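Visitor: with the input below, show me the fold.
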Amino acid sequence: MPAVSKGDGMRGLAVFISDIRNCKSKEAEIKRINKELANIRSKFKGDKALDGYSKKKYVCKLLFIFLLGHDIDFGHMEAVNLLSSNKYTEKQIGYLFISVLVNSNSELIRLINNAIKNDLASRNPTFMCLALHCIANVGSREMGEAFAADIPRILVAGDSMDSVKQSAALCLLRLYKASPDLVPMGEWTARVVHLLNDQHMGVVTAAVSLITCLCKKNPDDFKTCISLAVSRLSRIVSSASTDLQDYTYYFVPAPWLSVKLLRLLQCYPPPEDAAVKGRLVECLETVLNKAQEPPKSKKVQHSNAKNAILFETISLIIHYDSEPNLLVRACNQLGQFLQHRETNLRYLALESMCTLASSEFSHEAVKTHIDTVINALKTERDVSVRQRAADLLYAMCDRSNAKQIVSEMLRYLETADYAIREEIVLKVAILAEKYAVDYSWYVDTILNLIRIAGDYVSEEVWYRVLQIVTNRDDVQGYAAKTVFEALQAPACHENMVKVGGYILGEFGNLIAGDPRSSPPVQFSLLHSKFHLCSVATRALLLSTYIKFINLFPETKATIQGVLRAGSQLRNADVELQQRAVEYLTLSSVASTDVLATVLEEMPPFPERESSILAKLKRKKGPGAGSALDDSRRDPSSNDINGGVEPTPSTVSTPSPSADLLGLRAAPPPAAPPATSGAGNLLVDVFSDGPAAQPSLGPTPEEAFLSELEPPAPESPMALLADPAPAADPGPDDIGPPIPEADELLNKFVCKNNGVLFENQLLQIGVKSEFRQNLGRMYLFYGNKTSVQFQNFSPTVVHPGDLQTQLAVQTKRVAAQVDGGAQVQQVLNIECLRDFLTPPLLSVRFRYGGAPQSLTLKLPVTINKFFQPTEMAAQDFFQRWKQLSLPQQEAQKIFKANHPMDAEVTKAKLLGFGSALLDNVDPNPENFVGAGIIQTKALQVGCLLRLEPNAQAQMYRLTLRTSKEPVSRHLCELLAQQF
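Guide: Modelled structure (predicted):
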């Protein structure tokens, strides 16, 4: 930038500013300003032409007056005239005035555009930068239409100066954000990516900001930026602070650029190229290593810059969710921040760990910090940090620690801030329901919740406990006894009266044998609360009274006396009056049999999505979808597929890597309708294992299999409420699977839940469960844009002979998917015979009028129908020898693609579906497994042996089954996981 000459000091401006500062009152200031405005107006209108210096001085004064808060209604033309000056300072003041004072609808825009066009064509870098700054500052649509085509050319021109490129990139970014449709995508898009290799770090920083914004709408056009971003990041991370002196901030090389590069990489899935991916992993490991080094400065700026890179690195690791070692290391690093003296770091650590808890690889590592998080919940002074601690406890909860976490959250609830009490109540209710093995504990928890925070217990919470008690015979007596005792407290919340009224009206007979809870005592206890309650609760209690007449005939006279009371028959509230009249007449006129029929016990409620969970989603907003919906299996439960599943993440404010639309996971599907005393209300297909004692009803597996009973031949769509249309496209009507389809399929070989596909428009999530030869899969389609999808049609296609090997029945989905919304599709699956090829999922829709289509491989592989089989060593070797024919064995020796960790290997084998047999192989380092593949036609026994060689970083995998194609296919599937 040219230096300002000594003559450009504008002494008149300095004197004016000094006069304004010396004014003793507002009136004096206004008087001085009016005097100056009159002087400037006379100069502009005078016959004598003003030179450039005078125009500049007066325009500066007008600008200063405007900044003081006064309106300026003249001088615009003089500012436009300054744009034609060849002096930098005069042109600068002209552009400054226009950027601040000129309206985008001004009549002068055409003149301004002409002046800008002349400066852009001048090839003078200083003038070009001023023009680009003006375009960006004004940012109007008219300017966008005028220059949107010129700026990309300037950006990628070989002769453009670095400062011009930098300004052009930021100017184009501003125009794109204001009017995306005005920026044309062309051949320049491929060239702008190569700016990431530019020698000038300022150009690279501006280019990264531009590419990050552009790639969100056009990811394929900028896919080549991944390798260049990794390369540039690697050079920065591995450099010393002296290598990039001009861009080193308190001993941290280029922190802003590093953060921008990490955010750019979060716009894409992990690199497909092994070399690029390896280099990126090395970069991430280097950042984590540097975080452990002693600080090079004690100044807060150093730690801020260092931690900014660290947290963005962790966000990228969480986004990829594919490197177990990095995820665990990230968790350990965040664990160190949980006790840091800096409150902001503790907050960020808790927030990031909430997201880490959703990964199958890092969930166990997150759980190791439970004591620290509980301590934070109790002792933190900052309410926002306490809220994040509560979110993290919710996220890390599973069957093994549910009682401890629920207990701590209940204890915290007694002193929690009023603003978050309702949210805590909802979380406690969800966790108690989700992980209840003993339903008496569930009832105790909810009643305790009402006692502690009754005002914050919404209708959804106590509705839910009533549904569960109604649907389970084994807990009804306990619930009646417990709620009866709770009602005896002198101060009893109205929600407790509602729960007590319903439960005693339905199941009070189960405790009526005890003299302490005889029918008259129950009625007396409830009626003592009647006059203290609201109209809605009184109406419920009147219904309880008429139920008592049916359950306990000895109370009939007493209750009829209450109903006859003038306060009821002549009640000012129509609802109460009507109930009293009708119930009194019913009890007087109807015979015992009619009364028993009319007032019989409530039937079981049909199960649907938990209303508590739905309320928490509404309360937290769309960003909480993934946090609330993820399900995981408890590794210690009797899950047929074993393994470790992703956990629910936090319901806190999403971090930069969080799914802001709530599309990373989908709402839990409705559980099957239960019958009273049979089945398991809380166990749906994503449950963590048995939720009731086996003696009290069928096991979860039996319930699941009865739920997925295959359709009768005469009713092939019996499982579906809304059958899909018959005219679905066949294999020839759809395009080939996307290139990364096999890689996406491999991610689900050893797990059942996760994100199957994601781009800038659409996200597809999967939740599935398989038992014997049957399965159920839930596909969740999330619209990540703000524009509605039209003609949305997902279809499952059977290539080749798969139709005879695998039956997949689909439920129809809505043809329109609103922006930011999510739809669910249910698939019922039956394995008829062993198969080698997965079905295809074809998704077609229209976005912004343009047809979109993609084809994926549905994550249904033969190992999903594994049933783990336990056997002794002698039985294993006997069976191993029986499967000794060459065609029955498949063996593969391969190099490890991932770090060789015994626990991760064990988790993957369990997720694959086989049972792991201990003390069978003479070498304790080897893994031995057994299982049976269940199909409708036959069962295929399978034995496997995995021999890791840590020194050579190699594996030898041997599988033996009774069918040659199955052996080879299973061997290929499993080998790709290591």
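Visitor: three-state assignment of Phe780?
Guide: strand (DSSP: H, G, I helix; E, B strand; the rest coil).
Visitor: my guess is it meets Gly765, correct?
Guide: Yes. The criterion here is CB atoms under 8 Å, and Phe780 meets it with Gly765 at 4.0 Å. All C-beta spots, glycine's among them, are computed from the backbone N, C-alpha and C.
Visitor: between these two, which has more neighbouring residues?
Guide: Gly765 (26 against 23; other CB atoms under 10 Å).
Visitor: check the offset of the host helix or strand of that one from the chain's centre.
Guide: Secondary-structure assignment from DSSP states H and E places Gly765 in strand 762-771. Computed by CA atoms, centre = their mean, to the nearest Å, the chain-centroid distance of strand 762-771 equals 15 Å.
Visitor: would you put the C-alpha positions of it in PDB?
Guide: Below are the C-alpha coordinates for strand 762-771, written out as PDB (Å, rounded to 0.1, in the frame of the first residue of the first chain):
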ATOM      1  CA  LEU A 762     -28.900 -36.300   2.100                       C
ATOM      2  CA  GLN A 763     -28.000 -38.400   5.100                       C
ATOM      3  CA  ILE A 764     -29.000 -42.000   5.400                       C
ATOM      4  CA  GLY A 765     -28.800 -43.600   8.900                       C
ATOM      5  CA  VAL A 766     -29.300 -47.300   9.700                       C
ATOM      6  CA  LYS A 767     -30.500 -49.100  12.800                       C
ATOM      7  CA  SER A 768     -31.000 -52.900  12.600                       C
ATOM      8  CA  GLU A 769     -31.400 -56.000  14.700                       C
ATOM      9  CA  PHE A 770     -31.200 -59.600  13.600                       C
ATOM     10  CA  ARG A 771     -32.400 -62.800  15.400                       C
END
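Visitor: partners of it in the sheet?
Guide: strand 754-758 (antiparallel), strand 774-783 (antiparallel) (DSSP bridges).
Visitor: most packed of the ones you listed?
Guide: Ranked by mean neighbour count, those are led by strand 774-783 with a mean of 23 (mean count of other CB atoms under 10 Å).
Visitor: right, and Leu155 touches Val193 too?
Guide: No. Leu155 is beyond contact range of Val193, at 11.6 Å (criterion: CB under 8 Å).
Visitor: which of those two has more neighbours?
Guide: More crowded of Leu155 and Val193, by other CB under 10 Å: Leu155, with 25 against 22.
Visitor: how about that one, what does it touch?
Guide: With contact set as CB atoms under 8 Å, 6 or more residues apart in numbering, Leu155 has these partners: 165, 168-169, 172, 188, 192, 195.
Visitor: kindly report the same for Ala873.
Guide: Going by CB under 8 Å, 6+ apart, the list of residues near Ala873 reads 917, 919-920.
Visitor: low pLDDT regions in the stretch 101-250 of the chain?
Guide: 104-105, 241-243 (pLDDT under 70).
Visitor: same deal with the stretch 451-600 of the chain?
Guide: For the stretch 451-600 of the chain, counting by pLDDT under 70, not a single residue falls below.
Visitor: now the helices for it?
Guide: Secondary structure of the stretch 451-600 of the chain (DSSP state H, counting those that start in this stretch): helices located at 459-471, 473-487, 494-507, 519-530, 535-551, 556-564, 566-569, 574-589, 592-598.
Visitor: take those and lay them out in TSV including mean neighbour count and distance to Thr248.
Guide: Output for the helices of the stretch 451-600 of the chain, formatted as TSV (neighbours: other CB atoms under 10 Å; distance: least, CB to CB, whole Å):
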stretch	mean neighbour count	distance to Thr248
helix 459-471	21	55
helix 473-487	20	65
helix 494-507	24	60
helix 519-530	17	71
helix 535-551	21	67
helix 556-564	16	83
helix 566-569	12	82
helix 574-589	16	74
helix 592-598	12	83
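Visitor: quick one: closest of these to Asn118.
Guide: helix 459-471 (66.0 Å; CB to CB).
Visitor: same for that closest one, what does it pack against?
Guide: Contacts defined by 3 or more CB pairs under 8 Å, 6 or more residues apart in numbering; DSSP states H and E place helix 459-471 against helix 418-434, helix 439-453, helix 473-487, helix 494-507, helix 611-620.
Visitor: tell me what the first one is packed against?
Guide: In this structure, helix 418-434 makes packing contacts with helix 383-396, helix 402-413, helix 439-453, helix 459-471, helix 611-620, judged by 3+ CB pairs under 8 Å, 6+ apart.
Visitor: helix 418-434 and the longest one, what's the angle between them?
Guide: Computed with axes from the mean of the first three to the mean of the last three CA atoms, to 10 degrees, the direction of helix 439-453 lies at 170 degrees from that of helix 418-434.
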